[in-house]
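Engineer: Following is a predicted model, sequence given first.
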Amino acid sequence: MQKELQIVLSPENAATIETNFALIAEKLEIPVKDIHHIKVIKKSIDARKKAIKINLKLKIYIQEDYQSEILNINYPNISDKQKVIVVGAGPAGLFAALKLIQKGFKPIILERGKEVSERKKDIAIINRNGEINPDSNYAFGEGGAGTFSDGKLYTRSKKRGNIKNILDTLIVHGAKENINVEAHPHIGSNKLPKIIQNIRETILNAGGEFFFNHRVDDLIIKHNEIIGVKVNEKEFIGTAVILASGHSAKDIYYLLDKKDIALEAKDFAIGVRIEHPQEMIDKIQYHCEIKSDYLPSASYNLVAQVKNRAVYSFCMCPGGFIVPAASAPKEIVVNGMSPSARNSKYANSGMVVQIKQEDLSNYKEYGVLAGLKYQEEIEKITYRNGGNGQVAPAQRMLDFVNNKLSTSIPPTSYHPGIISSPLHMWMPEDIVERLQEGFKLFNNKMRGYLTNEAVLIAIESRTSSPIRIPRDKESLEHIQIKNLYPCGEGAGYAGGIISAAIDGENIAEKIALKYS
């Protein structure tokens with residue numbers, strides 16, 4: 001017999017619950033010998049009060065042995081099936097390819113960057129403040145921007161698709177089973193590359209094809225219908241084209257605009273990365289001087305309205321690192337990541353301000369590309385205010401709020417290095433004022449958050465694309481070009497690994513429905 005049980009425990013008891021048969025036997029009022037196995041189904045932390053509790057949902061195996069639920073996803077051989085071109089090997093493109101295989105189609109994946117092991121070498125060069133390869137960096141390459149990220153798997157897109165299916169697929173390819181348990185699961189930047197490699201092997205073993213160092217530079221369109229793409233005049237022809245190029249693929253937006261293919265402007269956000277000592281965030285969030293060994297590095301989620309714009313934390317990375325995420329020379333962009341253990345002594349988060357279309361009046365001449373031009377300009381301004389190469393401009397948090405130049409900067413996790421800079425003087429005034437007020441409001445929610453022990457590093461500019469590639473709500477095809485399927489973050493329909501993967505699966509389903 002199996003029985004489910006909701007229980008609230010201390011962090012220490014929760015950490016050992018799978019072997020603590022006596023505690024569960026007492027709760028269920030049954031003999032200890034009757035319990036054969038305890039499995040954690042769901043787990044979340046309640047840190048609202050000083051006495052921190054762990055909420056658990058358990059499955060108890062009573063007088064019944066536990067049978068491992070081995071996942072088995074069938075990927076048939078599709079070597080001689082209809083071809084679908086997939087532009088981009090990020091989460092959207094990879095999960096679209098996996099679903100296409102299940103539906104009997106052959107994915108041809110074109111990735112502008114390198115396979116993940118070679119990509120690591122280019123990223124190492126950037127971290128040493130070396131040159132940026134425009135096609136192989138933190139944004140581009142096998143796995144997309146998600147490969148060298150925290151691997152956060154939380155999403156609010158619960159109605160868009162089957163989240164469990166995405167998590168199960170990741171588990172099959174090497175992720176730990178606890179991602180199906182934690183309320184806010186993550187994989188870790190040190191684990192993701194191998195999982196991405198395993199997904200590639202699944203696709204290749206089924207008969208799909210990968211082409212790395214293949215940046216698409218043209219679309220083959222006849223009578224408002226796409227039949228393929230070009231890479232250096234080499235043609236790739238398919239039944240449909242999935243465009244999953246990512247939110248940093250500016251050249252794709254320019255290509256679509258040049259060919260008069262419909263685009264839409266959308267809201268986005270600009271701000272900074274803020275880094276605190278992790279110990280400080282632990283003290284604030286867990287209401288203690290020393291964090292329990294049974295608790296993970298603490299995170300936070302902050303949002304406020306300031307002058308009719310949202311100011312909010314984004315992609316918070318406990319126990320993580322700030323990384324140089326620019327995708328071209330002479331620009332600076334920063335992002336965050338965490339290893340699976342989240343054991344760095346730093347906590348970082350994007351802290352950004354919402355940008356609406358009315359904020360772009362100085363860029364009207366660029367039409368639908370106004371947000372992209374604004375984004376590009378601020379990344380170049382940041383570069384000019386930095387040091388050599390990817391050395392980023394930085395300022396202590398309280399100094400920023402008080403409009404003071406920081407005479408010294410604390411150590412940070414950002415490897416290329418930082419240089420003291422008056423961010424309050426050269427960042428856009430509307431962003432500066434809203435961040436300053438937002439920090440004060442956040443300090444009311446997290447006492448001690450506003451401190452000169454924290455450092456701001458500029459610029460966090462790629463939380464999302466400033467452009468959406470519009471598509472039909474029912475068919476998910478582009479509203480103008482038949483058989484063109486804009487997909488994922490770059491198309492404006494996702495905001496993270498899970499939502500992008502779901503979008504990729506949904507599009508593959510639509511293609512299968514149309515052509516099966």
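Structural biologist: Nice, I can see it.
Engineer: Could you use CA atoms for every contact and neighbour count after this?
Structural biologist: Will do.
Engineer: ok now stretch 35-49, how far from the chain's centre?
Structural biologist: 26 Å (C-alpha atoms, centre = their mean, to the nearest Å).
Engineer: Which positions in it come out as buried?
Structural biologist: Ile35, His37, Ile38, Lys39, Val40, Ile41, Lys42, Lys43, Ile45 (16 or more other C-alpha atoms under 10 Å).
Engineer: Now go through these and say which are in strands.
Structural biologist: Ile35, His37, Ile38, Lys39, Val40, Ile41, Lys42, Lys43, Ile45 (DSSP state E).
Engineer: I'd say the fifth one and Lys59 touch.
Structural biologist: Spelled out, that is Val40. Yes. Counting by C-alpha atoms under 8 Å, Val40 does reach Lys59; the two are 6.4 Å apart.
Engineer: Just put the ones in strands among the buried residues of stretch 35-49 in JSON lines and tack on pLDDT.
Structural biologist: Shown next, in JSON lines, are those (pLDDT from 0 to 100):
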{"residue": "Ile35", "pLDDT": "95"}
{"residue": "His37", "pLDDT": "94"}
{"residue": "Ile38", "pLDDT": "94"}
{"residue": "Lys39", "pLDDT": "93"}
{"residue": "Val40", "pLDDT": "93"}
{"residue": "Ile41", "pLDDT": "92"}
{"residue": "Lys42", "pLDDT": "93"}
{"residue": "Lys43", "pLDDT": "93"}
{"residue": "Ile45", "pLDDT": "94"}
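Engineer: Make JSON lines out of the residues you listed and add distance to Ser117.
Structural biologist: Shown next, in JSON lines, are those (distance: C-alpha to C-alpha, whole Å):
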{"residue": "Ile35", "distance to Ser117": "46"}
{"residue": "His37", "distance to Ser117": "40"}
{"residue": "Ile38", "distance to Ser117": "39"}
{"residue": "Lys39", "distance to Ser117": "36"}
{"residue": "Val40", "distance to Ser117": "35"}
{"residue": "Ile41", "distance to Ser117": "34"}
{"residue": "Lys42", "distance to Ser117": "34"}
{"residue": "Lys43", "distance to Ser117": "34"}
{"residue": "Ile45", "distance to Ser117": "36"}
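Engineer: Closest one of the residues you listed to Pro76?
Structural biologist: Taking C-alpha to C-alpha as the measure, Pro76 lies nearest Ile41 of those, at 30.6 Å.
Engineer: rewinding a little: quick check: the farthest pair among the ones in strands among the buried residues of stretch 35-49?
Structural biologist: Ile35 and Ile45, at 25.6 Å, using C-alpha to C-alpha across these.
Engineer: just to revisit the earlier point, tell me which of the buried residues of stretch 35-49 is nearest to Gln395?
Structural biologist: Ile45 (32.9 Å).
Engineer: who's in contact with the closest residue to the closest one other than its chain neighbours?
Structural biologist: Nearest non-adjacent residue to Ile45, counting by C-alpha to C-alpha, 6 or more residues apart in numbering: Ile54, 4.7 Å away. By C-alpha atoms under 8 Å, 6 or more residues apart in numbering, the residues touching Ile54 are Val8, Leu9, Ser10, Pro11, Ala14, Lys43, Ser44, Ile45, Asp46.
Engineer: try it again with 10 Å
Structural biologist: If you count contacts by C-alpha atoms under 10 Å, 6 or more residues apart in numbering, Ile54 has them with 7-15, 43-47, 295.
Engineer: Quickly list what's touching both of Val40 and Lys59.
Structural biologist: Glu4, Leu5.
Engineer: Let me see the backbone angles for the residue lying closest to Gly417 once chain neighbours are set aside.
Structural biologist: Computed as C-alpha to C-alpha, 6+ apart, the closest residue to Gly417 that is not its neighbour in sequence is Val391, at 4.8 Å. Dihedral angles phi and psi of Val391 (degrees, to the nearest 10) take the values phi -70, psi 120.
Engineer: Determine how far stretch 92-102 lies from the middle of the whole chain.
Structural biologist: Counting by C-alpha atoms, centre = their mean, stretch 92-102 comes out at 18 Å from the chain centroid.
Engineer: Can you point out the buried residues in it?
Structural biologist: Ala92, Gly93, Leu94, Phe95, Ala96, Ala97, Leu98, Lys99, Leu100, Ile101, Gln102.
Engineer: would you put the C-alpha positions of it in PDB?
Structural biologist: What follows is stretch 92-102 as a C-alpha-only set of coordinates in PDB (Å, rounded to 0.1, in the frame of the first residue of the first chain):
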ATOM      1  CA  ALA A  92      13.800  25.900 -27.500                       C
ATOM      2  CA  GLY A  93      15.600  24.400 -30.500                       C
ATOM      3  CA  LEU A  94      16.800  21.200 -28.700                       C
ATOM      4  CA  PHE A  95      13.400  20.400 -27.200                       C
ATOM      5  CA  ALA A  96      11.700  21.100 -30.500                       C
ATOM      6  CA  ALA A  97      14.100  18.600 -32.100                       C
ATOM      7  CA  LEU A  98      13.400  16.000 -29.500                       C
ATOM      8  CA  LYS A  99       9.700  16.300 -29.900                       C
ATOM      9  CA  LEU A 100      10.000  16.300 -33.700                       C
ATOM     10  CA  ILE A 101      11.800  12.900 -33.500                       C
ATOM     11  CA  GLN A 102       9.000  11.500 -31.300                       C
END
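Engineer: ok, Met351 - contacts?
Structural biologist: Contacts of Met351 (C-alpha under 10 Å, 6+ apart): 269-274, 302-303, 311-316, 435, 438-439, 456, 459-460, 463.
Engineer: That should have said Ala249, apologies.
Structural biologist: Gly88, Arg112, Asp135, Ala139, Phe140, Arg215, Ser327, Ser465, Gly490 are the contacts of Ala249 under C-alpha under 10 Å, 6+ apart.
Engineer: So which of those wins on neighbours?
Structural biologist: The residue in those with the most neighbours, by other C-alpha atoms under 10 Å, is Gly88 (32 neighbours).
Engineer: Could you check how far that residue is from Ala244?
Structural biologist: To Ala244, Gly88 is 5 Å away according to C-alpha to C-alpha, to the nearest Å.
Engineer: Give me the common contacts of those two.
Structural biologist: With C-alpha under 10 Å, 6+ apart as the test, Gly88 and Ala244 both reach Leu94, Leu110, Glu111, Gly144, Cys487, Gly490.
Engineer: And the strands in the stretch 1-150 of the chain?
Structural biologist: With strands called from DSSP state E, counting those that start in this stretch, the stretch 1-150 of the chain shows them at 2-9, 35-46, 53-62, 83-87, 106-110.
Engineer: Setting aside sequence neighbours, what's the nearest residue to Phe140?
Structural biologist: Using C-alpha to C-alpha, 6+ apart, the closest residue to Phe140 is Gly113 (5.4 Å).
Engineer: can you check Ser475 too?
Structural biologist: For Ser475, the spatially nearest residue (C-alpha to C-alpha, 6+ apart) is Lys510, at 6.4 Å.
Engineer: Is the one you found in a helix, a strand, or coil?
Structural biologist: helix (DSSP: H, G, I helix; E, B strand; the rest coil).
Engineer: ok, and the closest non-adjacent residue to Ile261?
Structural biologist: Gln480 (7.1 Å).
Engineer: quick one: what helix or strand has Thr169 in it?
Structural biologist: helix 163-172 (DSSP states H and E).
Engineer: Pull the distance from the helix or strand that that helix is followed by to the chain's centre.
Structural biologist: Beyond helix 163-172 on the C-terminal side, the first helix or strand identified by DSSP H and E is helix 192-206. The chain centre lies 19 Å from the centre of helix 192-206; the measure is C-alpha atoms, centre = their mean.
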